[in-house]
Structures are given as structure tokens and as C-alpha cells.
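> would you be able to build a 3D model of this:
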Amino acid sequence: RRTQNRPKFKYPLWYLKKERVNYPEKLSSENVTFVKEVVHDKFGPPAVLSGIPTFQVPVSPLKEQPIVKGEWTPSTRRSGLIARKIGQYPMWLNDGKIIWTTLLQVVDNHVIKYTPPEEVNPPKRPNRFLRPNKFGQLLVGAECADPQLYTKEYCGLFAEAGLPPMKFLGKFSVTPNAAIQPGTPLYACHFQPGDVVDVCGKTIDHGFQGVMKRWGFKGMPASHGVTKTHRRGGNVGGGGEKARIWPGTKMPGHMGNKWRVHRGVKVWRINTKYNVIYVQGLAIPGLTNSIVYIHDTLLPLRRRKEAPLSFPTFYPELSDPLPDDMYDQQVHAFDAPTITYDEKS
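Here you go, the predicted model:
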């Protein structure tokens, strides 16, 4: 199926969308105070939970409807989390080997809506050869915000869940037995140390770059008769019978600013106080303070073979109090002694 000659009706990656202008409503100081009181009465007073500014919702929808839980199977696919990349940190294993980790903070996640499989992209007409969809869609939001900054239509997405509008949204494909009730908060303990996850993020935007920076070309010599071709790509193989350039040839162009998935990343440590997940390596896509999406890995040889401790997610009211830091068995905890002596017999 050839699609090269078809026009692409989409804007380039570096196209800037038009921003919404926040028009001043010319409200008096008394009216501004009254609007804030209405917002706080509906969504609760502002609070800082796990180091993140949010709202303290007074009445949770979880108390009105029971939570329906399913049983885990090897083909189950759970929900994911929306996190913010906040930095990098070294850790040491029990044998003294140093490993570098990336810190991902789960920023005030809540389940907004669940769509069953039969309602996800239904077929326009019945087809007996069409396979039924086996995955539902779970809409998750992160970082509660002031509803005055958003439109009425956008705030209506969160009305059924009883939540304030969120800055970021993410949609995860889940199986029906892993569905979560709308309004449920999600924590970093959704995963456990030792789990293998996939992290999806947008790479750093480098703009228009040449072949030496974009693809790592060696370039031409710096002297000995070389003229104006020091950083050029050289021959692109356009001669001969083909008389064209092959599709996919590495050439200058826009570098970065694309969604990429880093698969098979191990979780080494989880901080339950600030909802921070320490994952393996420094190759997590995106700048510091950028948004990433975390979910159970889809690699066939590294997928989960046993049921997780928290299924379909972690519920604080149904579990015992957890320590501030949870480590993998191979990681040396900072509060543990580094040297031990055996008592003489």
C-alpha cells in the first residue's frame, strides 16, 4: 500500500497552535472572592497532597457506589499512570554496583471515565468477520486546576466523576476485569519495586539539524582540499537505474519532538510520601519537568507472570500503612547499615 504520493493534511511538528486568551472579566475584589468560595465549596479547599498543590475534595464518589473488582489473568492489561519527569538519581546495589535512575512523580492522578469495549469505536455496520474489541478505554487525568481557566465544555468532562478539571489527560487500554471506577485516585503504589514498565514521552525538540547531529554522520575532512563540504552528508546514491533517492534516506531535517516509548524499564524504588517512582536508566524521553505515561510493559518475555499486589489499583483504605520508601531486593537501602560484623562464637 503506497502512501508517499498522497498529501498529508496535517501541520508540521513545529507548528504553534493558537493560544486561548484569558480575557479579564472586570470583576471586583468582592466578586473574585465569591467565585473562589464557590469553587472551594464544590471541590474543597486548596491543599498540598504529596507535595503537589491540588483540591481537598470533601465528598468522594467512591463512598456512594461500590467498587467492582475483577480477577487477574495472564492476559489482563491494567491502567497506567501520568507522571512528571523531575530528575535523575544514582543508587547502589547490594554488591556495590552503581546504577542511575530517573525520577518520575505521579502528579495527582484520578480516573475520569471508563468506556467498555463494546462502546470503543463501534463498527458502523455489522460484520461477522470483524473481531470484537477486547479492550476498554480508561481516561485518566493529572494535576487539578482552577475551573475558571477552562471552558464549560472541558469542565463537563469531569462532572460525572465529581472532580475539578485536570491539566493533562491520558487514555489507557484496559481489559474489563481491570476497570476502575471513575473518581478513584491513583498512586505510585499502583506499581511495586521490581516491576517492568514502559514509559512513553515526547523527545527533546532540537529543531532543524544536519546529518552530523541528527544521525551521527562522521562528516568530511577538515582540510586537505575539502571545500564547503565539512558537515555535509555526502553522496545520497541517487544515480544509476533508480535515478532517485530511496525513501528513508538519512538527511537533514527536524530532530526530536516526537512521541517515543522506552520499553522494558525496571522499577527500583518507590517513594510513597511524594509518589515518586525510580526507574532504570537515563534514557526516559523528554525534558525535565515534562509529562510521561507509565504502564505495564508489553514485551512478551518481560510481561507480568503473577498477579500484582494491588489489583486493579492501590487502595490506601484497604491496605496497611506503607513505609516512605520501598526498595527492590537488589538495591541497598540508604538507611540500612553498609557493614555488618559477625559475633565471635
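> figure out the helix or strand that residue 36 lives in.
helix 29-43 (DSSP states H and E).
> buried residues, that helix. List them.
39, 43 (16 or more other CB atoms under 10 Å). To be clear about C-beta, it is placed using only N, CA and C from the backbone, and glycine gets the same treatment.
> stretch 248-262 too?
Those would be 252, 255-256, 262, for stretch 248-262 by 16+ other CB under 10 Å.
> out of the residues you listed, which is nearest to residue 331?
For the buried residues of stretch 248-262, the residue nearest residue 331 by CB to CB is residue 262; the value is 20.1 Å.
> the closest one belongs to a strand, doesn't it?
Yes: under DSSP: H, G, I helix; E, B strand; the rest coil, residue 262 sits within a strand.
> contacts only, for the residue lying closest to it once chain neighbours are set aside.
In space, and not counting its chain neighbours, residue 262 is closest to residue 199: 4.8 Å by CB to CB, 6 or more residues apart in numbering. Applying CB atoms under 8 Å, 6 or more residues apart in numbering to residue 199 gives the contacts 104, 261-262, 265, 279, 284-285, 292-294.
> swap in residue 260?
For residue 260, the contact set (CB under 8 Å, 6+ apart) comprises 200-203, 285.
> could you rerun that using 6 Å?
203, 285 (CB atoms under 6 Å, 6 or more residues apart in numbering).
> and it, how far is that from residue 27?
For residue 260, the distance to residue 27 equals 44 Å [CB to CB, to the nearest Å].
> for stretch 272-291, measure first residue to last.
Counting by CA to CA, to the nearest Å, you get 19 Å between the two ends of stretch 272-291.
> list the buried ones in that stretch?
Within stretch 272-291, the residues that count as buried by 16+ other CB under 10 Å are 272, 275-280, 284-286, 290-291.
> also stretch 42-54?
Buried-residue list, stretch 42-54, by 16+ other CB under 10 Å: 43-44, 50, 52, 54.
> residues in contact with it: which ones?
With contacts defined as CB under 6 Å, 6+ apart, stretch 42-54 is touched by 55-58, 107-108, 144, 164, 274-275.
> where does the protein dip in pLDDT?
Within the chain, the ranges that satisfy pLDDT under 70 run 1-10, 13, 58-68, 345.
> next up, the contacts around the residue sitting nearest the centre point of it.
In the chain, the residue lying closest to the centroid (CA atoms, centre = their mean) is residue 293, at 1.1 Å. Counting by CB under 6 Å, 6+ apart, residue 293 makes contact with 80, 82, 170, 200.
> neighbouring strands of the host helix or strand of it in the sheet, and parallel or not?
Residue 293 belongs to strand 291-296 when assigned by DSSP H and E. Strand 291-296 has the following strand partners under DSSP bridges: strand 81-92 (antiparallel), strand 196-202 (antiparallel).
> out of the buried residues of stretch 42-54, flag the one nearest to residue 242.
residue 52 (56.3 Å).
> so that closest one bridges to which residues?
Taking DSSP bridges as the rule, residue 52 bridges to residue 49.
> where do the helices sit along the chain?
Remark: helices assigned in the chain by DSSP state H are 29-43, 152-155, 211-214.
> can you put these in CSV and add distance to residue 15?
As requested, the helices of the chain are arranged in CSV below (distance: least, CB to CB, whole Å):
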stretch, distance to residue 15
helix 29-43, 34
helix 152-155, 22
helix 211-214, 20
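> need the buried residues of stretch 248-262 in CSV (columns: distance to residue 339).
What follows is the buried residues of stretch 248-262, written out as CSV (distance: CB to CB, whole Å):
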residue, distance to residue 339
252, 56
255, 48
256, 46
262, 36
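> burial measure for residue 93, as a count.
Neighbour count for residue 93, taken as other CB atoms under 10 Å: 14.
> quick one: residues contacting it.
Residues near residue 93 by CB under 6 Å, 6+ apart: residue 330.
> could you check how far it is from residue 283?
Residue 93 is 19 Å from residue 283, where distance means CB to CB.
> ditto for residue 301
Counting by CB to CB, the gap from residue 301 to residue 283 is 20 Å.
> what's the answer for residue 336, then?
28 Å.
> about what we covered before: tell me which of the helices of the chain sits nearest to residue 327.
Taking CB to CB, helix 29-43 is the member of the helices of the chain nearest to residue 327, at 35.8 Å.
> quick one: distance of the closest one to the chain centre.
Distance of helix 29-43 from the chain centroid (CA atoms, centre = their mean, to the nearest Å) equals 32 Å.
> list the buried residues of stretch 204-211.
210-211.
> show residues contacting it.
217, 231, 233, 252, 254-257, 287.
> what's the answer for stretch 169-176, then?
For stretch 169-176, the surrounding residues in contact (CB under 6 Å, 6+ apart) are 76-77, 79-80, 82, 135-141, 293.
> report the two of the residues you listed separated the most.
76 and 141 (22.9 Å).
> pick out whichever of the two has more residues nearby.
Neighbour count, other CB under 10 Å: between residue 76 and residue 141, residue 141 has more, with 26 against 19.
> show me where the stretch 101-250 of the chain has strands.
109-115, 136-144, 166-174, 185-186, 196-202, 207-209 (DSSP state E, counting those that start in this stretch).
> in a markdown table, list those strands along with distance to residue 123.
What follows is those, written out as a markdown table (distance: least, CB to CB, whole Å):
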| stretch | distance to residue 123 |
| --- | --- |
| strand 109-115 | 15 |
| strand 136-144 | 16 |
| strand 166-174 | 18 |
| strand 185-186 | 32 |
| strand 196-202 | 28 |
| strand 207-209 | 42 |
